[in-house]
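Student: dropping a prediction and its sequence here:
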Amino acid sequence: MTKHRHKRQDRLGEMAGRTNPVADVWRNFRHHPVSMAAMIVLVAMIIMAIAAGFIWDYETDVVAIHAADRLQPPSAAHWFGTDDFGRDVFIRVMYGARYSLFIGIVTSAVSMVFGIVIGASCAYFGGAYDAVIMRIMDAIVCIPSMLLMLALVAVLGKGMKGMIIAMTFVSVPGYARIIRSIVLGVVHQEYIEAALASGTSHVEIIRRHILPNCFGPILVDVLMSVSGCIMSASSLSFLSMGIQVPAPEWGAMLSGATKLMQLSPHLAIFPGLAILLTSLCFNLIGDGLTDALDPKSR
Amino acid sequence: MSEPLIRAEHLVKYFKSNAGRIKAVDDVSFEIYPGETLALVGESGCGKSTLGRLIVRLLKADSGTVTLNGVDLGSLKGSALRKARQNMQIVFQDPFSSLDPHFTVGEVIAEPLRAAGVKKEERVQRVQQLMRRVGLQEEDYWRFPHQFSGGQRQRIGIARALAPEPQLIVCDEPVSALDVSIQAQILNLMRRLQAESKLTYLFISHDLAVVRYISNRIVVMFLGKLCEICPTKDAYEHPLHPYTRMLIDSAPEPDPDFDREDRMLLQGELPSPINPPAGCRFCTRCPYATDECRTVEPEMKDYGGGRLCACHHPLPQK
Amino acid sequence: MQSDNLIEVRGLRTVLPLKNKELAAPVDDIDLDIPLRKTVGLVGESGCGKSMTARSIMRLLDYPIHIQEGTIAFRREGGSEIDLAAISEKEMRGVRGREISMIFQEPMTALNPSITVGKQVREAITLHENISRSAAKERVIKAFYDVGIPEPEQRYHAYPHQLSGGLRQRICIAMAMVLQPAFLIADEPTTALDVTVEAQILALMKQLQQDNDMSILLITHNLGVVADICDEVNVMYAGQIVEHAEKAELFRRTLHPYTRGLMKAIPRVRGSMEGELYTIQGTVPSLSQMPTACRFCARCPYAQEQCRNEMPSLRDVGNGHLVRCFREVEP
């Protein structure tokens, strides 16, 4: 801390510019050992997911059936054992990260974009526009989300695309509501009034005051919800409405393992652990970022 | 007297609420002269903050006009309005929510300069100058507002208001959130800055003692209407409006020997600003109220010597 | 315990663990007497520990803040004495509200917004006494009447948001007074109110004290309020009492440089007003870096070598006037 203050004072002479906010956040984030560990694990998983495509061939290693090796327990040859088609569970879990992480991140990101547009515009314009849009959002929230997703997938067709669209549709109202309240909280602060009185234009106020003050809470919220998306994707696959067999999505693998649960529990344990670990990582990173993004911690 | 800097005429501002229209500011006219400190006093909810925001046009009046140096602010839009705003700054009550937590002190103070298109090098120089003037340290430039105490933060807010070299600064309860010893520092600072830069203050406050110290003239407001406008000295020595007298008498006096029995204290509750009493709005709390007060709204009358009062039965003058 | 005291606080030290595991003491070595039927003021600026002292007496401290040492002797109704710092939480609950009650600065947050004010005050009675609902209601209406609430029967059914700030504070006072406690702690009771309402509430407190023979500990930052209703005054600075005297004595013979500074720093509504306001330079030392010498020495215009090396004790300078300062004073 003191070291950084020195650095800041050294720069005083030149008055070059403020300290880089990204560097500030990163510096604070590093002081959260748990969040840091979660970040490392997550990065390792992403690398693994990318690498999996180069190490193993989808056709021969991931989905090909090896009747001789059916339902082997974990061993040196097959670290996580094999499933009822003789496929290596370790390879499938690693390969599955591509699906699960992709779905989680893409769904969250797309929902966030829609959520920001809807939520922020409602907070900013207010009035009838706000009332109408938010009532529509409320109406969507009223329908049980799983039911709605199943209905949407039924219409859009099973598979990755239908699943992502359905999940986005269901999660946007929640985002819009949260982002609206975050933006509202900032819009009514006196420093916005002070900026107006200073002669700052609306565009500048949004860019320099509102967005930076909303960004932290929104980003944290999105990160926390990535795990939720992975979970609901898994649930959809588990109900065989999502990624279709034989693709190794974690939820789909878990779903396939139910009937063999007693005989070969490893089939459920490893994909289950993968889901758990990923969710945990995103949540822990979100926790750390909450603190790191707070300007009071700089 | 010289030409007024600000002339407010027949300002009206109503707010919608679930219970009806709140008459926050109702047909208010007054002038602010260059170089003076005009205090705007009244109880909470009387509309004084709203009036302050109407003057700097952070709020748009429902009707009525505000002119600055003879220019009607209501007719300005877009960049012309932003330019006019540079001439009227505001210092807020809450030294915490009025500073963006993501901005460094230097950035906060530089904001009006940036909006005015001042180049970066010059901006930095002027900010440093301002920081010295309000008593901040040079190394505070890169610190964040949360690292400061309330009094220091108020200095930052004052420096920001001074930055575009405005003629008028509206001070909305600038010291009521501060401790006594800090309050004295800020008040002294404001007086000194005024003398240095020929500033004009519109000083909004509920604290009659602070107002007496800082202001030249005083405007007393009750429930959206003005009661009395007069030189500060007159208000404290021989007020015309009973409400002015009561406000001053209620102020706690740090002197045990002061005769408290002789005071005129306000009874009852503030009437609702949605359904203000007919006639004089003060009539339900006034000990001198007559039938005339309950039916006819008093006009603002000139009593000479810059004293104006809206009352059917002004207090006798010694 | 002296026979004319209701409360005697001795050596009270309330501590709060800091991040580095060290203990800071926002309330340090406080001796405080509350005489029977008197109003005692506790004055100081924000963060000086005045509210924390009151909360220590009420035992309303938020974990991990706790009383580390000291005794708080309290004379109960029957004449027996107890140490409020030592009794169990269960016993304390029997004392709170019934024998000692408290009113707060913000009358809005002190009341539950979703229950009518009448019911809230009634529950304060039925919590401690076993009486019928209708009897309790009668007492509530009587209490409302006593604190000057107009139309008490109608107000009984009002929700807090339907009342003005002044009326809400009157409700809070009615709630605190309804069981006729011997001791009332008022923590900045008028700070959130307009001056006009403040004067009314202070007059009410004065009258209630006389009618009910109770003692009041009034916590405030406003010397004007002190001059109005207190009998004795304690001035706190950085966790310690720096000056104690009867009101008239304190205002006539202000001894501690801090108290003097405070008196000179306030603008006044009456009397002459020439030149600049006096200011106390510098800021209060932070809790984690409390000097072991005089805590005011860095801001004191009279500070000597001794002040920077030793902690002055609270010494008696005659007339029951105590001051924590090394400076010689003329009697």
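Tutor: The structure has been received and is ready for your questions.
Student: now the helices for the stretch 151-300 of chain C?
Tutor: Counting by DSSP state H, counting those that start in this stretch, the stretch 151-300 of chain C has helices at residues C:152-155, C:165-177, C:195-212, C:223-229, C:247-252, C:257-265.
Student: SS state for the residue of the stretch 1-150 of chain C found nearest chain B?
Tutor: Nearest residue of the stretch 1-150 of chain C to chain B: C:Glu45, at 4.1 Å (C-beta to the nearest C-beta). The C-beta positions use only the backbone N, C-alpha and C, and glycine is treated the same way. When classified by DSSP: H, G, I helix; E, B strand; the rest coil, C:Glu45 comes out as coil.
Student: contacting residues for A:Ile105?
Tutor: Counting by C-beta atoms under 8 Å, 6 or more residues apart in numbering or on different chains, A:Ile105 makes contact with A:Val226.
Student: cool, and A:Leu280?
Tutor: Contacts of A:Leu280 (C-beta under 8 Å, 6+ apart): A:38, A:227.
Student: residues in contact with the closest residue to chain B within the stretch 101-250 of chain C?
Tutor: Nearest residue of the stretch 101-250 of chain C to chain B: C:Gly224, at 2.7 Å (C-beta to the nearest C-beta). Residues near C:Gly224 by C-beta under 8 Å, 6+ apart: B:209, B:251-254, C:266.
Student: try B:Thr290
Tutor: Contacts of B:Thr290 (C-beta under 8 Å, 6+ apart): B:312-313.
Student: read off the pLDDT value for it.
Tutor: On pLDDT, B:Thr290 comes in at 93.
Student: could you measure from it over to B:Gly279?
Tutor: Separation of B:Thr290 from B:Gly279 (C-beta to C-beta, to the nearest Å): 10 Å.
Student: C:Gly224 too?
Tutor: C:Gly224 is 34 Å from B:Gly279, by C-beta to C-beta.
Student: can you add mean pLDDT and distance to A:Asp221 and give the helices of the stretch 151-300 of chain C back as CSV?
Tutor: Shown next, in CSV, are the helices of the stretch 151-300 of chain C (pLDDT from 0 to 100; distance: least, C-beta to C-beta, whole Å):
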stretch, mean pLDDT, distance to A:Asp221
helix C:152-155, 91, 44
helix C:165-177, 90, 36
helix C:195-212, 89, 42
helix C:223-229, 92, 46
helix C:247-252, 93, 55
helix C:257-265, 92, 46
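Student: verify the contact between A:Met224 and A:Ser279 for me.
Tutor: No. Using C-beta atoms under 8 Å, A:Met224 is not in contact with A:Ser279; the gap is 9.6 Å.
Student: which SS state does B:Ile204 fall under?
Tutor: Going by three-state DSSP: B:Ile204 is strand.
Student: for it, give me its contacts.
Tutor: Here B:Ile204 is in contact with B:39-41, B:48-49, B:51-52, B:170-173 (C-beta under 8 Å, 6+ apart).
Student: let's see it at 6 Å
Tutor: B:40, B:48, B:52, B:172-173 (C-beta atoms under 6 Å, 6 or more residues apart in numbering or on different chains).
Student: if any of those residues are buried, put those into a PyMOL selection.
Tutor: The PyMOL selection below is limited to those of those classed as buried (16 or more other C-beta atoms under 10 Å in any protein chain shown):
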select buried, chain B and resi 40+48+52+172+173
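Student: mind checking which of the contacts of B:Ile204 are in strands?
Tutor: The strands, defined by DSSP state E, take in B:40, B:172 from these.
Student: which of the contacts of B:Ile204 lies closest to B:Gln183?
Tutor: Closest approach between these and B:Gln183, by C-beta to C-beta: B:Glu173, at 11.1 Å.
Student: what separation do you get for the closest one and B:Val56?
Tutor: 15 Å.
Student: what sits up against stretch A:87-104?
Tutor: With C-beta under 6 Å, 6+ apart, stretch A:87-104 has contacts from A:45, A:48-49, A:52, A:56, A:61-62, A:78-83, A:226, A:229-230, A:233, A:243, A:248-250, A:270-271, A:274.
Student: buried set for that stretch?
Tutor: Using 16+ other C-beta under 10 Å as the test for burial, stretch A:87-104 gives A:87-101, A:103-104.
Student: what of stretch B:34-47?
Tutor: B:34-43, B:45-47.
Student: sticking with the residue lying farthest from the centre of chain B, tell me its helix or strand.
Tutor: Going by C-alpha atoms, centre = their mean, the residue of chain B most distant from its centre is B:Glu121, 34.2 Å out. For B:Glu121, the host element (DSSP states H and E) is helix B:120-133.
Student: which residue ranges of chain B form strands?
Tutor: B:6-17, B:20-32, B:37-41, B:63-68, B:71-72, B:88-91, B:168-172, B:200-205, B:217-222, B:225-231, B:301-302, B:308-309.
Student: which elements pack onto the helix holding B:Glu121?
Tutor: Applying 3 or more C-beta pairs under 6 Å, 6 or more residues apart in numbering or on different chains; DSSP states H and E, one finds that helix B:120-133 makes contact with helix B:105-115.
Student: just checking, what packs against the helix it packs on?
Tutor: Right, helix B:105-115 is packed against helix B:120-133, helix B:150-162 by 3+ C-beta pairs under 6 Å, 6+ apart.
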